[in-house]
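**Student:** Just need the structure, nothing else, for what follows:
(chains A and B)
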Amino acid sequence: MTEPLLLVSHLHMHIGSARGAVRAVDDVSLAIGAGQALGVVGESGSGKSMLARAIMGLLPPRAVRSGSILFEGRDLMALPVKQQRDLWGKRIGMVFQDPGRSLNPVVRVERQLTEGMRRHLGVGRAEARTRAVTLLDEVGVPDPERRLGNYPHQMSGGMRQRVMLAIALACEPDLLIADEPTTALDVTIQRQILDLLRRVQRSRGMAMMLISHDLSVVAGRTDRVAVMYAGRLAETGATREVFAAPRHRYTHALLDATPTLHQERHARLRVIEGSLPDPTAPPPGCRFHQRCTAAVEGCAGGPIEMESVGVDHRIACLNPVVTSHLVGAGGAHDGR
Amino acid sequence: MAGSGVAHLRGDEALLRVEDLVVEYRTSAGVVQAVSKVSFDVLPGETLGIVGESGCGKSTTGRAVLRLDTVTSGRIRFRERAIEDLDEREMRALRREMQMIFQDPVGSLNPRRPVRELVVEGLDIAGASRKEQEAAAGRVLAAVGLSDERFRDLLPRRLSGGQAQRVAIARALAVEPQLLICDEPVSALDVSVQAQILNLVEDLKRDLGLTVVFIAHDLNVVRTVSDRVLVMYLGKLCEFGTPEAVYAYPAHPYTRALLDSVPQPDAVDGFSGPALEGDLPSPLSPPTGCRFRTRCPRADELCASEEPQVAEVRPGQFAACHHPLPVPEVPTGSGDAALPIPVPVPVPARSTA
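**Tutor:** As a prediction, this is how the structure comes out:
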């Protein structure tokens, strides 16, 4: 890989609270190459959405960022606001979980869809409308001409998410950041949107950061994956390798705790005991060590760095899973 | 799919038997049949999983059994008692035998009452003495794995989602019910906590001999907890059978489509079959005949003109479909030959009532 499209290095985001600074994102480094899809997975409190917000500069009140976020070599955190705005919406598109709340309820689809094109690409009204129809067609909205005149409330959740995606794609971004884009949708509609994301990503050669709490959503449709826990990276690597043979104890436990379609009736699920550490005062060492069944001496000690355990496979774990035995949701890694 | 009929009912030994249940809502735009002639039964000690997407009527079905929603028509028998005929006072007494837990555990608990009072509220209403309540509180909190000492005085907002769901379960258990209806009990929880609650439900079911109706949209979860599975679409029953049979050899095209929409880490492009096209039709004017036909790859004229009735397609497996799927010779979602085909567990054929 030549210079990555997006290179995040030692990113921290701490958010002030009455009880002290919440370490929402703590020393996260990752890269996305042009045209590549990176999945970011983790449970609530893992910092995955905060990571996206930190990258996008959508900071919560009293948040402080440090580190660097290079997009094509330019540091987004050091860029003047005006130049940042030129990037957002144009080179980098975004889709969020709740299409109902991300769309403006009192503005018709047409204006929401053409606004970015007219501003960033300088196209005229008629041209923007033509492009909008093409875009809606591309994301699978039936009868696109008529839909342009709709308000968001006149559409189903799946349709709204398609419109959100069309808006994000309007200026042909090089990177799409999708934060839980299908979490609010039913499973057959989620399937349609995931297929759509995949198709668009491939046909346009667009890079994507797909954030989800659902491991299986990320599993079939990203090239690489980053697993987060309590604000930190636990494991990164090729998606298929990480899911088929996870090395970090947390990734392994999480996969084991996930029920599958092939589960035995009344099979006991593996449980991760305990709960997330206090984000204002995380334990020293590995943040998972208090809940880990394989913690060893040193896990509670100093900082644990990401170490390489294979080709493009890195973990922050002192006592990794040894064999590449098959795990619950991972299964055999064939197909594609 | 999406039909009516009672061919799948299993006779007199059922603890709960629902026949031709209809629940209607009046809206400004007209009447919606949220549940339309749905029948099912649950044997003692069994877990029935009800699965389907938004708008399929699964939650309304669960609520109707407890008469939290008004039953428009149909018969609900719980241990020989006709629920639709009971007056409010009798119903209140009966609800002690049928308890329900909900999706949003924190929101379903009174925010101003401490855990200790919450879990025995049902007993308090039933007129149990302080001493009885005290003993019950300790017992049910222990049963759901919460320390009495640590949690007794906490208010719901101090609880995590998993802890609050445990409190909700303890509260249901305090009145010693026979039937527990769980409406999306884990869908708001993280995977690691979800596993804790699912294991807890399994333990309680075994230890206390509970009968469970488990309503969820997550097919993976329903697979693990259920002895029988009921698939619903737009207020109608699609398919009924053991999880082994229904998941390995779905007879209804909708069941097939649902299963193919579950992301599979080990399948081609993440899914094991083709996507279902289109959106849910408006429940205000559902399609004629089979309600699924507008999205069904197998639909023909018959599906538009005539509503399919529930029929046994294979021993113990029932579907409401004019064109049920056969047992495939190669697993659908081929291209992934390494995927093991689960062997269906033989189901003893039961006589219908």
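**Student:** Helices along chain A, start to end?
**Tutor:** Under the criterion DSSP state H, chain A contains helices at A:48-56, A:81-87, A:99-102, A:109-116, A:125-138, A:144-147, A:157-169, A:187-204, A:215-219, A:239-244, A:249-257.
**Student:** distance between the last one and the chain's centre?
**Tutor:** Centroid displacement of helix A:249-257 relative to its chain, using CA atoms, centre = their mean, to the nearest Å, is 19 Å.
**Student:** How about the fifth one?
**Tutor:** Centroid separation between helix A:125-138 and its chain, computed with CA atoms, centre = their mean, is 28 Å.
**Student:** for the fourth one, same thing?
**Tutor:** With CA atoms, centre = their mean as the basis, helix A:109-116 stands 25 Å off its chain's centre.
**Student:** For residue 108, give me its contacts.
**Tutor:** Just so you know, I chose chain A. Contact analysis of A:Arg108 by CB atoms under 8 Å, 6 or more residues apart in numbering or on different chains lists A:148-151. Any C-beta I mention is one placed from the backbone N, CA and C, and that applies to glycine too.
**Student:** try chain B instead
**Tutor:** Contacts of B:Ser108 by CB under 8 Å, 6+ apart are B:101-102, B:168.
**Student:** near chain B, which residues of the stretch 101-250 of chain A?
**Tutor:** Contacts of the stretch 101-250 of chain A with chain B, taken as CB under 8 Å from any CB of the partner chain, map to A:156, A:158-159, A:186-192, A:194-195, A:198, A:213-217, A:219-221, A:243-244.
**Student:** for the host helix or strand of B:Val18, which positions count as buried?
**Tutor:** B:Val18 belongs to strand B:16-27 when assigned by DSSP states H and E. The neighbour-count check on strand B:16-27 (16 or more other CB atoms under 10 Å in any protein chain shown) flags B:16-19, B:21-24 as buried.
**Student:** go on, stretch A:80-92?
**Tutor:** For stretch A:80-92, burial by neighbour count (16+ other CB under 10 Å) applies to A:84, A:87-92.
**Student:** C-alpha coordinates for stretch A:230-249, CSV please?
**Tutor:** C-alpha atoms of stretch A:230-249 as CSV (Å, rounded to 0.1, in the frame of the first residue of the first chain):
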residue,chain,number,x,y,z
ALA,A,230,-12.9,0.9,26.3
GLY,A,231,-11.4,3.6,24.0
ARG,A,232,-8.5,1.5,22.8
LEU,A,233,-7.7,-0.7,19.9
ALA,A,234,-7.6,-4.4,20.9
GLU,A,235,-6.9,-6.0,17.5
THR,A,236,-6.5,-5.0,13.9
GLY,A,237,-6.0,-7.2,10.8
ALA,A,238,-7.6,-8.7,7.7
THR,A,239,-11.3,-9.1,8.5
ARG,A,240,-11.4,-12.8,7.6
GLU,A,241,-8.3,-13.6,9.6
VAL,A,242,-9.5,-11.7,12.7
PHE,A,243,-12.9,-13.4,12.7
ALA,A,244,-11.7,-16.9,11.9
ALA,A,245,-8.7,-16.8,14.2
PRO,A,246,-8.9,-13.9,16.7
ARG,A,247,-5.8,-13.5,18.8
HIS,A,248,-6.8,-10.9,21.3
ARG,A,249,-8.7,-12.4,24.3
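**Student:** Buried only: go through the contacts of A:Arg108 for me.
**Tutor:** Looks like these have A:148, A:150 buried, using 16+ other CB under 10 Å.
**Student:** and the residue nearest the centre of chain A, what are its bridge partners?
**Tutor:** Nearest residue to the geometric centre of chain A (CA atoms, centre = their mean): A:Ile211, 2.0 Å. Beta-bridge partners for A:Ile211, by DSSP bridges, are A:Val40, A:Asp179.
**Student:** What of A:Leu70?
**Tutor:** Beta-bridge partners, per DSSP bridges, of A:Leu70: A:Leu7, A:Asp75.
**Student:** got it, and B:Phe40?
**Tutor:** Taking DSSP bridges as the rule, B:Phe40 bridges to B:Val18.
**Student:** was I right about A:Val22 contacting A:Met13?
**Tutor:** No. Using CB atoms under 8 Å, A:Val22 is not in contact with A:Met13; the gap is 9.1 Å.
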